[in-house]
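1. Give me coordinates for this.
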Amino acid sequence: MKKEEKKKHSNETIKLLEKYQKFKHEFHTKWGDQKRLDRLVGVDFRVKFMKAEQIFKESVLSNIDTTTVKMIDMMYRAYDALEEEMQNLGYKPLEPHIRCFDWDGVTWYVTDLDYEVPRAMQMYKNEGKANFISIQELLRTVPKELMQMRLDLAMMFEGSKFVRIDRK
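-> Model (predicted):
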């Protein structure tokens, strides 16, 4: 008996998938993460978009090039519709110096400097309950000793990132 070879996408389809992933990353850089987008659009639109994403994922897993290419085109249209929907609702893309985070179920808009917070509040006040803070303010809350320890560790272990591991 011969073993069945698993189908693979062609090089052209792989390039289209990579181009789509880059587009998706740029879209989320411009508008924020999926949690922000979900808060801004209505439930009906969100459900349609999620269905489109699910169909797209299934087509990629099927490894059928023609289907995958059609679904890539569908996702470009879905993102265009998403952007149009948000603009019609009066929402704006994130400014380059403003970031949006979901932290423990609470939305935070973070600016670099204190004087940018009022502008961020003005721009994004219609998006529902959110908190606003600057990196400058966050740094003021870090004890000097702790900051010095962090700097010392960074110098001793250049480029390292610390990860906490919990034992069961």
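
2. and the gap between the residue sitting nearest the centre point of the chain and residue 25?
-> For the chain, the residue nearest the mean C-alpha position is residue 33 (3.0 Å; Cα atoms, centre = their mean). Distance from residue 33 to residue 25, counting by Cβ to Cβ, to the nearest Å: 11 Å. All C-beta spots, glycine's among them, are computed from the backbone N, C-alpha and C.

3. Give the burial count for residue 46, as a bare number.
-> 17 (other Cβ atoms under 10 Å).

4. So it, which state does it fall into?
-> Going by DSSP: H, G, I helix; E, B strand; the rest coil, the secondary structure assigned to residue 46 is helix.

5. Quick one: residues contacting it.
-> residue 38 (Cβ atoms under 8 Å, 6 or more residues apart in numbering).

6. what's the answer for residue 127, then?
-> 36, 39, 40, 91, 107.

7. coming back round to it: so what's the backbone phi/psi at the residue nearest to the centre of the chain?
-> phi -80, psi 170 (degrees, to the nearest 10).

8. all numbers from here: first residue = 15
-> Got it, first residue is 15 now, which makes that one residue 47.

9. Would you confirm that it contacts residue 114?
-> Yes: checked against Cβ atoms under 8 Å, the pair residue 47 and residue 114 is within contact range at 6.9 Å.

10. Mind listing what's buried along the lengthiest helix in the chain?
-> Counting residues, the longest helix found in the chain (DSSP state H) is helix 79-102. Buried residues in helix 79-102, counted by 16 or more other Cβ atoms under 10 Å: 79, 81-83, 85-86, 89, 92-93, 96-97, 99-100.

11. Can you name the residues in contact with that helix?
-> 23-24, 26-27, 30-31, 34, 37-38, 41, 45, 51, 54-55, 59, 62-63, 66-67, 69-70, 73-74, 76.

12. next one: stretch 103-111
-> By Cβ under 8 Å, 6+ apart, stretch 103-111 touches 44-46, 54-55, 114, 125-126, 130, 134, 137, 140-141.
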